[in-house]
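Colleague: here you go, sequence then predicted model.
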Protein chains: 4
Amino acid sequence: MKALVEHFEMSSPDDVQNIGQILRRMATSKPGRIALIAKVEGTATTNDFSRSLTLRAIRDEVIAAGLDPRRVHTILSTGCEGVISPGGFLFADFGADGREDGGLRVGFHKSPPLTSPELLSQCHIDYSRLAVEGALHDCGLTAKDRVLVFMKSPLMTHQEAVDLPEERARFAGISGAARGAAALGMAVALGEVDPADALIGNLLRRSDLFSRRGMVFSGTETRACEAIVIGQPAGAMSGPQLRCGVVDDLLDIAGMASIIASDGNASIDAARARSGDILAAFFKAGVRSDGQVRGSRTTVFSSDLDPDKHMRAAASGVVAALTGDCRMFISGGCEHQSPDGGGVFAVVTKS
Amino acid sequence: MKALVEHFEMSSPDDVQNIGQILRRMATSKPGRIALIAKVEGTATTNDFSRSLTLRAIRDEVIAAGLDPRRVHTILSTGCEGVISPGGFLFADFGADGREDGGLRVGFHKSPPLTSPELLSQCHIDYSRLAVEGALHDCGLTAKDRVLVFMKSPLMTHQEAVDLPEERARFAGISGAARGAAALGMAVALGEVDPADALIGNLLRRSDLFSRRGMVFSGTETRACEAIVIGQPAGAMSGPQLRCGVVDDLLDIAGMASIIASDGNASIDAARARSGDILAAFFKAGVRSDGQVRGSRTTVFSSDLDPDKHMRAAASGVVAALTGDCRMFISGGCEHQSPDGGGVFAVVTKS
Amino acid sequence: MKALVEHFEMSSPDDVQNIGQILRRMATSKPGRIALIAKVEGTATTNDFSRSLTLRAIRDEVIAAGLDPRRVHTILSTGCEGVISPGGFLFADFGADGREDGGLRVGFHKSPPLTSPELLSQCHIDYSRLAVEGALHDCGLTAKDRVLVFMKSPLMTHQEAVDLPEERARFAGISGAARGAAALGMAVALGEVDPADALIGNLLRRSDLFSRRGMVFSGTETRACEAIVIGQPAGAMSGPQLRCGVVDDLLDIAGMASIIASDGNASIDAARARSGDILAAFFKAGVRSDGQVRGSRTTVFSSDLDPDKHMRAAASGVVAALTGDCRMFISGGCEHQSPDGGGVFAVVTKS
Amino acid sequence: MKALVEHFEMSSPDDVQNIGQILRRMATSKPGRIALIAKVEGTATTNDFSRSLTLRAIRDEVIAAGLDPRRVHTILSTGCEGVISPGGFLFADFGADGREDGGLRVGFHKSPPLTSPELLSQCHIDYSRLAVEGALHDCGLTAKDRVLVFMKSPLMTHQEAVDLPEERARFAGISGAARGAAALGMAVALGEVDPADALIGNLLRRSDLFSRRGMVFSGTETRACEAIVIGQPAGAMSGPQLRCGVVDDLLDIAGMASIIASDGNASIDAARARSGDILAAFFKAGVRSDGQVRGSRTTVFSSDLDPDKHMRAAASGVVAALTGDCRMFISGGCEHQSPDGGGVFAVVTKS
């Protein structure tokens, strides 16, 4: 069996019926690695436990399908604001057989756990690099190939920061810092940033350092950097094609169009004409730290609503207007993953 | 002096500095009517008082500029979710002199106040029609001309509903019902709906009845239907052009493009090439009552976030991706103003 | 083994470690029925799935402890606003042996499922009555004994209401209506309301009809009325004592004191002196439908915050100020469970 | 005319009708200083502008009443969660004539404005001290008298912190830091803390340093420390009596009772019997930084709800249960104003 890319919908965070169907259908083909990248419809607040519920439901379903949970890797992002349809994408890699024609591969690697004093230190960056290098190796690809990395990074809690010096304690509870540190390591592994620049002292300071082909998520549920790589050889010509790149800002629909196009054509009309070919769409969107978009003040960072909710909802409109499809993965916060205020956009097209 | 269309920005709900500058600049030209249509950055909850603050600040500024507050009409809509930049558009009509070349006109009319038992009855529809007819007449236009109506409708409070029969009491506190009733009356005045169909019994039931060229807002601060008309003669060829119409849904970027185009061309690339010509953009967006967008489930009606916030934020991404500009007026809730799940889109272009 | 009343704490909605310890400790004693009544710390919004997560975790833990899930009954209420400590109370009834000394008993009964047309009809009231009568019978008690009922009622969704006449459709999605209907049936079973008055037409209209000794919760996860009874014979003199009654309003600390006292003494100083004897405390609090408390306007029904959150948080302060303990069960919404604006307060004391 | 203490209610943030009545009634008596301390019912979020609205409305009303706005001082605190009734207390001091019998006095002083680099530096503490000393002097009282200070402190914005060293930049946008710095200066002026300890390096670190008789509020609307003192000579025996002190925690109803009592009696029953004598009640409540209350975990610092909302709502239940009155001033955040997790409670009694 060849590599598989499928969308699954979820009527609630514990609705894994659709996932179960896909898993059971392919269980006999003995998948090597499976990646699930999904949006979950919780409140995305501190006391939102929908992610735990979904993880529990998926694990039960994986076991029920006779698959090995250690070979199924999941990235869940909460928050389906705007027109994001709850659900996600499943990628399955069936190993050697499915790879001969350049089909999509799935790689995974987990760094050693980070101790509290190692969080947000240089070690955080280095372990992230290790995780990405390991995941690339896991599926036989290199940074020169076409790859998209999904990274889960640990987050430093306020409790852990108590004994740290202030220049590090200030990062406690700051998702953007955790994401940024992991992104710097990822950028080195992807060859986008010189190792000499990937220093903890540059975290959230040098906005010229970014990874271009990865999306980082942070949470307290992991102590390690965990990398999932979706990719294919640089020269893969037939079958599903992974296309990925950075866009200028959340509204850069022309940038998205040129990523969708095989020839870099930035025509939106042309991209829309191809929308039926899009198997999966991912967007990690940021807004400049001064809250301005196209020169105008927005309230992204100055309202009762969490900045990520502003971003996800607005970005969902942009992407769905382009693809005509609400089944997409949208997330906010792009520190060291793109230029300040930019974003990472990726699609898998049929061909 | 000719008709004027200008954007003003607001750094907070009581920042009327920019409005004041425009008002003082044109005060000597003796404007006939002025309309201010703006987005205010409050929380858009029951206990959001930002609209009152802005109204108070504008009134003081109008008086300070030596203008007559009775000739300045304001529609404020709270909620700047997504990439909506707080601020709005000022339209000034200088009367006979400015009108000769087909320039934009501003008309206003206010119905008699509705008593509590008249709210959400046939009278509500009829008074809305009166208000629109009066506002058209006020600026010498008819339903055959190019017009866009902004309507403020009273809202029935729970207190007022206490003694009403249940088939009407159920509309208490429902903005959508107040908007829908006013929209039906507006639709008759605009010649879009047959008076025989504009019956209170069809409210929120006959989704085939809608007005196409108006946006309705509801609130408890008024007891009357208040209509502001922005328009110009059907054959106006030079100067700013008002273009307005319905779109299929919140994501219908092609529909918006064809409204922007003078020739109905739905090319998004072409519309974007013209974006520098857009002086003002307005979008009132709805989502189908089952919450589906393009056949996929969304959480617009099933989350902790107010449906209007989902809509406004997502719609802001769509419109700004098309125009490249966050200075826009976006509002949610399109009952009887467009087909179910559709929206009303309008622009004023330079020519 | 005798009846057991224990508090368990939860560090998160899927932390059932403490529950597991209690369950395993008593598993060998073969409990007849177990009831878990707990507060869960989710957001208590439409898209809060913490209750599902806790239920899943408890079920797994019950099975792991070798107990029969059909004999373990759980009522989870989300929302730990104010000083409510997440966690709850476990009641275990070991059957005949444990009952001889008047110890606490646990009864359970579930009505047949209600079809959509039966929701919020007379049948809803009647089935609730059946559930309470069955639960009383299940543990050998009658309405004349000392009992406290926890009832879970189905909630009518907007979807189900589509074909219903308006006088019933208006109850769609209204928790208060579902709670009220079930409370009327409960009141009949408890002998507090004449069956001739427990008519669906009196729902939310006759505030003089209420049950006094029960707390009702509604949700879409059940189709039946499910009653848990905690109780003991009227004459039980030794061991834990259940004390229960209505209080005048959310602030009625004197009313609570007199319920705690064995002799009706309303001294708060006296009640506080006994606080070490309190094994469990429950409060279901309401606020008058006009939002007034002690003659002053509050914003309970007129703010961005859900009324239940205002009530739970304020009530938590009142109860904990009295008992000196944040381990308590507090819930809001007391329709037909107490006089309008009142509440139901219950404690289990050591003796 | 003698000193005046009156409650005023507000049906909305711009309802100053009740305030206006009081102002007009006493305008002819030429008040020396007037202080208004009120709760406003906005959302208490970044984009809540209700305070600006109320200030504007009060200023207009003061002028309409023929009073000098420079002698009317207002502290507005947003957030009426729980059972807090919107409105506040007006204190008027008529100068020499009204003071002979030990009646309540009102003093005011404003420090020089703090420049951005001076915020959260030692200067912040020193200027706060100056403000309190000035306000005491303004009404002829000293730290040995019975006084309650209401202090408004500037808040350092994120923008202002850009060029600051990290040990200070980390305080940007942190209300607790701004409140704490001002409280340290206040504590020195009140003789509660040794000037040698009131060092910026001890901010939020030495919880043994606190002021006991003041409440601090922070906001970006002021650049100076502004102190309002309400007080009377230590030996004042007749007329309204100000009583003030710290309580152990938010639930310390006995501590509140002993502050109400003239003889330190901590009986709650006794305090409740005197509740008719209470003219005004103020409570600034904190929760220990680990979120525990009476040894149990709460979600005050770990939920979607702002910690201040948890605190205000719960505290409102405690105070109103004691006084039987929802017309009270409740605020959260007690850094250096009381021991960690404690609070400041004050009442004015009739005699």
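Modeller: Received, thanks.
Colleague: identify the residues contacting the nearest residue to A:Lys30 once chain neighbours are set aside.
Modeller: Nearest residue to A:Lys30, sequence neighbours excluded (C-beta to C-beta, 6 or more residues apart in numbering or on different chains): A:Phe94, at 7.1 Å. Using the backbone N, CA and C atoms, a C-beta is placed for each residue, glycine as well. By C-beta atoms under 8 Å, 6 or more residues apart in numbering or on different chains, the residues touching A:Phe94 are A:Met1, A:Lys2, A:Ala3, A:Leu4, A:Ser29, A:Lys30, A:Pro31, A:Gly32.
Colleague: filter those residues down to the buried ones, PyMOL style.
Modeller: A single PyMOL command selects the buried members of the contacts of A:Phe94 (16 or more other C-beta atoms under 10 Å in any protein chain shown):
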select buried, chain A and resi 2+3+4+31+32
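Colleague: output the contacts of A:Phe94 as CSV; include the columns pLDDT.
Modeller: Formatted as CSV, the contacts of A:Phe94 follow (pLDDT from 0 to 100):
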residue, pLDDT
A:Met1, 66
A:Lys2, 77
A:Ala3, 83
A:Leu4, 90
A:Ser29, 90
A:Lys30, 90
A:Pro31, 92
A:Gly32, 93
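Colleague: out of the contacts of A:Phe94, which one sits closest to chain C?
Modeller: Nearest to chain C among the contacts of A:Phe94, counting by C-beta to the nearest C-beta, is A:Pro31 at 26.1 Å.
Colleague: what's the closest non-adjacent residue to that closest one?
Modeller: Nearest residue to A:Pro31, sequence neighbours excluded (C-beta to C-beta, 6+ apart): A:Ala92, at 4.5 Å.
Colleague: list the contacts for A:Gly317?
Modeller: Neighbouring residues of A:Gly317 by C-beta under 8 Å, 6+ apart: A:Gly82, A:Val83, B:Gly82, B:Leu250, B:Leu251, B:Ala313, B:Ala314, B:Ala315, B:Ser316, B:Gly317, B:Val318, B:Ala321.
Colleague: doesn't it fall inside a helix?
Modeller: Yes: assessed by DSSP: H, G, I helix; E, B strand; the rest coil, A:Gly317 belongs to a helix.
Colleague: what pLDDT does the residue lying closest to it once chain neighbours are set aside get?
Modeller: Excluding its sequence neighbours, the residue lying closest to A:Gly317 (C-beta to C-beta, 6+ apart) is B:Gly317, at 3.1 Å. On pLDDT, B:Gly317 comes in at 98.
Colleague: kindly report the same for the one 3 residues further on.
Modeller: In this model, B:Ala320 is scored at 98, pLDDT.
Colleague: chain center to whichever strand or helix holds it: distance?
Modeller: Using DSSP states H and E, B:Ala320 sits within helix B:307-323. Chain-centre distance of helix B:307-323: 15 Å, with C-alpha atoms, centre = their mean, to the nearest Å.
Colleague: can you dump the C-alpha atoms of it in PDB for me?
Modeller: Extracted C-alpha coordinates of helix B:307-323, given in PDB (Å, rounded to 0.1, in the frame of the first residue of the first chain):
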ATOM      1  CA  PRO B 307     -21.300  33.600  16.600                       C
ATOM      2  CA  ASP B 308     -20.900  37.200  15.500                       C
ATOM      3  CA  LYS B 309     -17.200  37.200  16.700                       C
ATOM      4  CA  HIS B 310     -16.500  34.100  14.600                       C
ATOM      5  CA  MET B 311     -18.100  35.700  11.600                       C
ATOM      6  CA  ARG B 312     -16.600  39.100  11.900                       C
ATOM      7  CA  ALA B 313     -13.100  37.700  12.400                       C
ATOM      8  CA  ALA B 314     -13.200  35.300   9.600                       C
ATOM      9  CA  ALA B 315     -14.900  37.800   7.300                       C
ATOM     10  CA  SER B 316     -12.200  40.300   8.100                       C
ATOM     11  CA  GLY B 317      -9.600  37.900   6.700                       C
ATOM     12  CA  VAL B 318     -11.500  37.400   3.500                       C
ATOM     13  CA  VAL B 319     -12.200  41.000   2.800                       C
ATOM     14  CA  ALA B 320      -8.700  42.200   3.700                       C
ATOM     15  CA  ALA B 321      -7.100  39.400   1.700                       C
ATOM     16  CA  LEU B 322      -9.000  40.800  -1.300                       C
ATOM     17  CA  THR B 323      -8.500  44.500  -0.700                       C
END
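Colleague: what sits up against the helix or strand just after that helix?
Modeller: Downstream of helix B:307-323, the first helix or strand assigned by DSSP H and E is strand B:329-332. Strand B:329-332 is touched from outside by B:37-39, B:77, B:79, B:82, B:84, B:88-89, B:215, B:217, B:280-286, B:307-312, B:315-316, B:319, with contacts defined as C-beta under 8 Å, 6+ apart.
Colleague: one more time with 7 Å, if that's ok
Modeller: B:37, B:39, B:77, B:84, B:88-89, B:215, B:217, B:281-286, B:307-308, B:311-312, B:315-316, B:319 (C-beta atoms under 7 Å, 6 or more residues apart in numbering or on different chains).
Colleague: which strand or helix spans A:Ile19?
Modeller: According to DSSP H and E, A:Ile19 maps onto helix A:17-27.
Colleague: convert that helix to CSV, retaining C-alpha atoms only.
Modeller: Extracted as CSV, the C-alpha positions of helix A:17-27 are listed here (Å, rounded to 0.1, in the frame of the first residue of the first chain):
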residue,chain,number,x,y,z
GLN,A,17,-15.3,7.2,14.5
ASN,A,18,-13.9,8.6,11.3
ILE,A,19,-10.3,8.1,12.4
GLY,A,20,-11.1,4.5,13.5
GLN,A,21,-12.5,3.7,10.0
ILE,A,22,-9.3,4.9,8.3
LEU,A,23,-7.2,3.0,10.8
ARG,A,24,-9.1,-0.2,10.5
ARG,A,25,-9.1,0.0,6.7
MET,A,26,-5.3,0.2,6.5
ALA,A,27,-4.4,-1.9,9.6
